[in-house]
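Chemist: What shape does this take:
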Amino acid sequence: MYPLIEIKSVPIELQFKTKSASLEYTRGTAEMEISRSEQGGVNVKSRPIQVKLDTFEQRGGQFSAANAAVAQATQAQYQATSAYADQGQIQLNARIGNSAPQAQSGEGAYTPDLQPTSGVNVKWEDGAMKIRYAMDKLNFDWKIDQGEFKFTPGDIEISVAQKPSLTIKYTGGPIYVPRSADPNYQPVDVNA
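Modeler: Numbers count the residues shown, from 1 in each chain. Below you'll find the model as predicted:
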């Protein structure tokens, strides 16, 4: 004997579509402005060495010696003239090339010494150089735009591709009531 009913079940079919979560970052922009507030530069001051030569003592000694020589020569001339005048004779022997004329007297001639008696007084002040350097003053102004984060959550999409079903099929033949109505009916022998 075989089963008279055939049952078939078709399961549900689901489709899943997923979308991952994402985090996006947009970078910020940065701007910088530079402004100059003061003009710098270089300032150089230079003072050279200063040498001071003082020749007053040297010149004074020469001139005083020369003045003294002229005064003595003049005095000698006056004395010579007066001496000669007393004798009734005037003799003056002048020689070219001497620093002062020599008067002839009985005492001899005078020659002045015009060599410097002292040296030159030398003083100096050291030279100096001052360099002043001023840098430019720069101002920096930053304008920063902060970056932004954008979060997109994940997504799950479920769809039913096929609904579940149940199929029941009768695989037997027709059932006749009464049984004797079945064309293939064969009575059951109860005695056998």
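Chemist: Following element in sequence after the helix or strand of the chain with the lowest mean pLDDT, please.
Modeler: Ranked by mean pLDDT, DSSP states H and E, the weakest helix or strand in the chain is helix 56-87, scoring a mean of 64. Next along the chain after helix 56-87, taking DSSP states H and E as the criterion, comes strand 121-125.
Chemist: could you dump that following strand to PDB, C-alpha only?
Modeler: Extracted as PDB, the C-alpha positions of strand 121-125 are listed here (Å, rounded to 0.1, in the frame of the first residue of the first chain):
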ATOM      1  CA  ASN A 121     102.200 115.800  22.300                       C
ATOM      2  CA  VAL A 122     100.100 113.000  20.600                       C
ATOM      3  CA  LYS A 123      96.600 112.100  22.000                       C
ATOM      4  CA  TRP A 124      93.900 109.900  20.300                       C
ATOM      5  CA  GLU A 125      90.400 108.700  20.700                       C
END
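Chemist: which residues are in contact with the following helix or strand past that strand?
Modeler: Following strand 121-125 in sequence order, the next helix or strand is strand 128-134 (DSSP H and E). Outside strand 128-134, the residues within contact range by CB atoms under 8 Å, 6 or more residues apart in numbering are E38, G40, G41, V42, N43, V44, K45, S46, R47. In short, each C-beta sits where N, CA and C put it, glycine included.
Chemist: Go through those and name the one nearest A71.
Modeler: Closest approach between the contacts of strand 128-134 and A71, by CB to CB: R47, at 46.4 Å.
Chemist: what's the spacing between the closest one and M129?
Modeler: With distances taken as CB to CB, to the nearest Å, R47 is found 7 Å from M129.
Chemist: same deal with G119?
Modeler: 31 Å.
Chemist: Now list the buried members of the contacts of strand 128-134.
Modeler: Neighbour counting by 16 or more other CB atoms under 10 Å classes none of the contacts of strand 128-134 as buried.
Chemist: Kindly reformat the residues you listed as TSV containing pLDDT.
Modeler: Listed next are those as TSV, based on pLDDT from 0 to 100:
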residue	pLDDT
E38	70
G40	71
G41	78
V42	79
N43	82
V44	83
K45	87
S46	86
R47	86
